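Peer 1: Quick check, what structure comes out for this input:
(chains A and B)
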Amino acid sequence: MLAYATRKLLISIPVLFFATLVAFLLVATVDPIAEQRVFLLSQPGGAEQVARLEASLGLDKPLIERYGTWLGDLVQGDMGSSTENGRAVTTLLGEAIPVTLRLVVAATVISVVFGVTVGVISAVRKYSVFDNVSTFFAFLFFAMPVFWLGAVLKDLGIRFNDWWGRRIFFTIGEQSPRLDADFWGTWADRAGHIILPALTLILIQLAATSRFQRSAMLDVLESDYVRTARAKGVPRHRVVTRHALRNALLPVVSYTGLTFGTLIGGTVVTEVVFNWQGMGRLFLDSLLDGDVAVSQGWLLAVGVSVIAVNLLTDLVYGLLDPRVRHG
Amino acid sequence: MLGNTRKLTRWTAVLLALVLLAAACGDDDQDDQPVTGPTDETGTATTAAPETSDPTSVVIGLEQELTNFNNLTAGDNLLAGRQVIRAVWPTCTRTLPNSTFEPYFCESLPTVVNEDPLIVEYKLRADANWSDGTPVSSDDMVFYFENCNDPEDDCAGTAGFDSAELEVVDAKTVRLSWPEGQPFVEYIALFSGPFPPAHLGLDWTEGFRNDPMLAAGPYQVDEYNPGSDLTLVPNPTWFGDGPHIDEVTFRFISDVGNLPLALENGEVDVIYPQPQVDLVAQIAALDSVASTITFGPTWEHITFNTATVPVEVRRAIALALDRELIVTALMRPFSQSAQPLGNRVYMNGQAQYQDNTPAEFQVRDVDAARAALEQGGWTPGNDGVYTRDERRLSLRIRTTGGNPRREQFQELVQNQLGEAGIEITIDNLPGGEIFGPVFGSENDPPGPPGDFDLVIFAWVGGPLPASSTLQVFGTGSDSNPGAYVDDQVNDLLIEATVTLDLDRQAELLNRADALMWQSLPNVPVYQLPFFLAWNDSLINLEDNPTLESFTWNLEEWAFS
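Peer 2: Numbers count the residues shown, from 1 in each chain, chains lettered A, B, ... in the order given. Coordinates of the predicted model:
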């Protein structure tokens, strides 16, 4: 397993290097002073001012040299500063990543646990009432636009609060500002803030995960070795949990790894609907403001997270399926 | 199998609880990073509302976040910044909701020492101090002046300072003087942007970007989490009454759609969004929420290009327009009290406002419009559209495309003028792109001003309108896109800009406006509304449609 993990880790290094190149080129090919350039060139002496501006931003150097400088700074932990508020990109990412991670981890874990459970039961009880009802809701939630589902859940949350006579669910932010509460009060406040946005993501992810799991489980349940196990008299629950589920988890692991990596990039719509200051919001703002350094930093952070999650997925794959380790 | 399912369910429940617990307890380093201000709130007990010993807090939902605590720099002069910093830093005077001035950090309104050359004295209160104990002083006004007296400096408002000389009289008093024959009549509004402390020796533009450092007003900044929230607590060195709220938090909620639900759910107590009909209706349906619509100094109009739209056509348009219907369609969904605007200088709600609309333009009269055209030599064509000298009376109307209200406005104008034999074609450009061809642009695409026949946009008025009115309607002004020329009006406007007596100034400006109803550079139609909604247990909230905005009297807010 150690050799397998080391091999996967080594493969990640050139991929990471390539990710830095893509992150740099995607943004560096856009002219960060396009507006000023148009204005200055229409003024007397504007060409010299444009030249000075280009020199101060290093735009007069060849692309490869700029990439080298950027990469050198990056290795030293310097990703530049936001042109909007002057704050270091590393600080902005350091603030946004935990916010998004908190939401995405909660949503992913819950949707995987529920999705696998629902998928397994649906497969075992194929065409039962449970299977049909779960299929109906899976497709319903899968088809719903995120912003609409989020808005509906917010409204339901407020109706629940009114009925309960106390505010349980919150509709904006990750936590109440300046909360003065003990451990449990803080926990309740954060839980109250995370439930609705997490539920929005859960319902949509759950739909896909349960369908994947159902399909994979049905394939496995019809395979020869499962039939053999049953013929040998192995109890049904043991066949399902020990023999079938382990193999049927493989596609779900792949799917979860892929979606988790993507979600770290930002659940833009969910973060906007619930006013969370996470990665999605950071990227949206950087695009709207034309904040080059932040956009580059965001792209790199997302690239790294996708690589890391894929590495983790490969390792889990190796644990679940020994053939992969020795292949 | 059922037993296993139950076991699985139990484990699932435990796992989910752990996940939620872990997520809720996730790391958040932002919690404990006060940016400035003493955490010791000694003194707040004496300034808190006497009727309750419990700490009180208010959360305000703001759509926009400040970009610099020094709101006076050219790049950071946002209303959102002003809404926060006006409760923290000093201003000499403040503007009341009815657009009159009252002394704030100055002992009195600025005093005229000499009329020509104009010399004005600004004297700060003796008891005005910064939160570190240093007096708010002449040095702070010098710092302000030095950064704003040159058009090249990074200052949002150099007018008045750029032609003045400053003399320090004593530690609390300065005098500004202007050259003979060039008085700055709006002297009363100088030193009225919230100004930063000079004695810290920080840079004007960057020194206060993320931290105001000190306070002199009723509140001081206790914590600022960029992108998320900012909290004010009472400033113990504040000389005035109040404040009555122990903690005021501004939460930055950029998606306006989140505001009504947050207000309904009690997550914010006050919101000040751009009014939209559905949002206003949504708020109106809420229990325990009070709201007001105030018509502010921003007004929309139809401006004519006088080079392509002759005066008899402008008259016909003014006669054929149903301004009452336009206001009913576009403004009365917000407030039944909305009225067509009858003045280009003063707004409804200002003491100097008078409706100068002539009787003939008060009520729509299509026959009179046709008669005006025919007197000017226009004759109706076969399709009903007037012609003269083979010129068909077909005019282009332009506005900021994508703005539904203005587009609806255009359609109403098109229909109404069509009935009077004036063909209107709509020719918009997206957003602010329209201002290039209207005002002329040196940028891309370059071009001369005046590429329109009719254009709809807004002007922003204010408590001291003489200079801005001359800029908009003065002969040869860059801000006069319709190339409007009326010598009589021009003379009156110039006289108003050098008249120190504000009553006399108002008389001159109202006379100029009355004359403009004859020569018609434009037709004013309505003022735009501001919308303030709040938890109705809060008292003393009043919108201020001037630049002071709704937080102008934050120190007076309290819970009933």
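
Peer 1: partner residues bridging the spatially closest residue to B:L341 that is not a sequence neighbour?
Peer 2: Nearest non-adjacent residue to B:L341, counting by Cβ to Cβ, 6 or more residues apart in numbering or on different chains: B:P524, 4.3 Å away. The way it works is simple: take the backbone N, C-alpha and C, and place the C-beta from them, glycine included. Assessed by DSSP bridges, B:P524 has beta-bridge partners B:H301.

Peer 1: Could you pull up the residues touching B:P524?
Peer 2: B:299-301, B:340-344 (Cβ atoms under 8 Å, 6 or more residues apart in numbering or on different chains).

Peer 1: go on, B:L393?
Peer 2: B:313, B:373, B:378, B:385-387, B:421-423.

Peer 1: let's see 10 Å
Peer 2: B:309, B:313, B:316, B:373, B:378-381, B:385-387, B:417, B:420-424 (Cβ atoms under 10 Å, 6 or more residues apart in numbering or on different chains).

Peer 1: so A:G94 makes contact with A:A88?
Peer 2: Yes. Assessed by Cβ atoms under 10 Å, A:G94 is found in contact with A:A88 at 8.7 Å.

Peer 1: Quick check: the residue of the stretch 451-560 of chain B nearest chain A.
Peer 2: B:N535 (13.2 Å; Cβ to the nearest Cβ).

Peer 1: Please report phi then psi for that residue.
Peer 2: B:N535 adopts backbone torsions of phi -60, psi 120, taken as degrees, to the nearest 10.

Peer 1: what separates the nearest residue to A:I264 once chain neighbours are set aside from A:G261, distance-wise?
Peer 2: Distance criterion Cβ to Cβ, 6+ apart; nearest residue to A:I264, sequence neighbours excluded, is A:S305 at 4.3 Å. Distance from A:S305 to A:G261, counting by Cβ to Cβ, to the nearest Å: 6 Å.

Peer 1: Kindly report the same for B:N415.
Peer 2: 55 Å.

Peer 1: neighbour count winner among the two?
Peer 2: Neighbours per residue (other Cβ atoms under 10 Å in any protein chain shown) separate B:N415 from A:G261, with A:G261 holding more: 21 against 12.

Peer 1: where does the stretch 101-250 of chain B come near chain A, residue by residue?
Peer 2: B:206, B:209-210, B:222-223, B:225-231, B:233, B:247, B:249-250 (Cβ under 10 Å from any Cβ of the partner chain).

Peer 1: any low-confidence regions in chain B?
Peer 2: B:1-53, B:151-152, B:432, B:441-447 (pLDDT under 70).

Peer 1: hang on, the earlier thing: so the residue nearest to A:I264 touches A:V105, yeah?
Peer 2: No. With contact defined as Cβ under 10 Å, A:S305 does not count as touching A:V105 (12.0 Å).

Peer 1: where do the contact lists of the two overlap?
Peer 2: Shared contacts of A:S305 and A:V105, defined by Cβ under 10 Å, 6+ apart, comprise A:260, A:263-264.

Peer 1: Dump these to a markdown table, plus neighbour count.
Peer 2: Output for the shared contacts of A:S305 and A:V105, formatted as a markdown table (neighbours: other Cβ atoms under 10 Å in any protein chain shown):
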| residue | neighbour count |
| --- | --- |
| A:F260 | 23 |
| A:L263 | 23 |
| A:I264 | 24 |
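
Peer 1: could those go into CSV alongside secondary structure and pLDDT?
Peer 2: As requested, the shared contacts of A:S305 and A:V105 are exported to CSV (DSSP: H, G, I helix; E, B strand; the rest coil; pLDDT from 0 to 100):
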residue, secondary structure, pLDDT
A:F260, helix, 78
A:L263, helix, 75
A:I264, helix, 71
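
Peer 1: Pull out the buried residues from stretch B:198-210.
Peer 2: B:198, B:202, B:204-205, B:207-210 (16 or more other Cβ atoms under 10 Å in any protein chain shown).

Peer 1: Chain A: which of the residues you listed is nearest?
Peer 2: Nearest to chain A among these, with distances taken as Cβ to the nearest Cβ, is B:R209, at 6.2 Å.

Peer 1: one step back: make a PyMOL selection of the buried ones in the contacts of B:L393.
Peer 2: Those of the contacts of B:L393 that count as buried under 16+ other Cβ under 10 Å are selected in PyMOL with:
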select buried, chain B and resi 309+313+316+373+378+385+386+387+417+420+421+422+423+424
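
Peer 1: pLDDT below threshold where in the stretch 151-300 of chain A?
Peer 2: Low-confidence segments of the stretch 151-300 of chain A (pLDDT under 70): A:262, A:265-266.

Peer 1: Where do the helices of it begin and end?
Peer 2: A:183-221, A:224-231, A:236-238, A:245-264, A:268-273, A:279-289, A:292-320 (DSSP state H, counting those that start in this stretch).

Peer 1: From the centre of chain A outward, give me the first residue you hit.
Peer 2: For chain A, the residue nearest the mean C-alpha position is A:L263 (1.6 Å; Cα atoms, centre = their mean).

Peer 1: Okay, the nearest residue to it once chain neighbours are set aside and A:L201: tell me how far apart.
Peer 2: Spatial nearest neighbour of A:L263, excluding adjacent residues (Cβ to Cβ, 6+ apart): A:V104 at 4.5 Å. Per Cβ to Cβ, A:V104 is found 7 Å from A:L201.

Peer 1: Give the residues shared as contacts by the two.
Peer 2: Common neighbours of A:V104 and A:L201 (Cβ under 10 Å, 6+ apart) are A:259, A:263, A:267, A:270.

Peer 1: B:G402: which of the residues you listed is nearest?
Peer 2: Distances from B:G402 to the shared contacts of A:V104 and A:L201, taken as Cβ to Cβ, are shortest for A:T270 (26.5 Å).

Peer 1: so what's the residue of the stretch 451-560 of chain B closest to chain A closest to, chain neighbours aside?
Peer 2: With Cβ to Cβ, 6+ apart, the residue lying closest to B:N535 is B:D269, at 4.2 Å.

Peer 1: now do B:S228
Peer 2: For B:S228, the spatially nearest residue (Cβ to Cβ, 6+ apart) is A:Q277, at 5.4 Å.

Peer 1: From B:Y187, how far out is the one you found?
Peer 2: From A:Q277 to B:Y187 the distance is 43 Å (Cβ to Cβ).

Peer 1: Same check on A:G318?
Peer 2: 78 Å.

Peer 1: Likewise for A:G115?
Peer 2: Applying Cβ to Cβ to A:G115 and B:Y187 gives a distance of 70 Å.

Peer 1: Perfect, that will be all.
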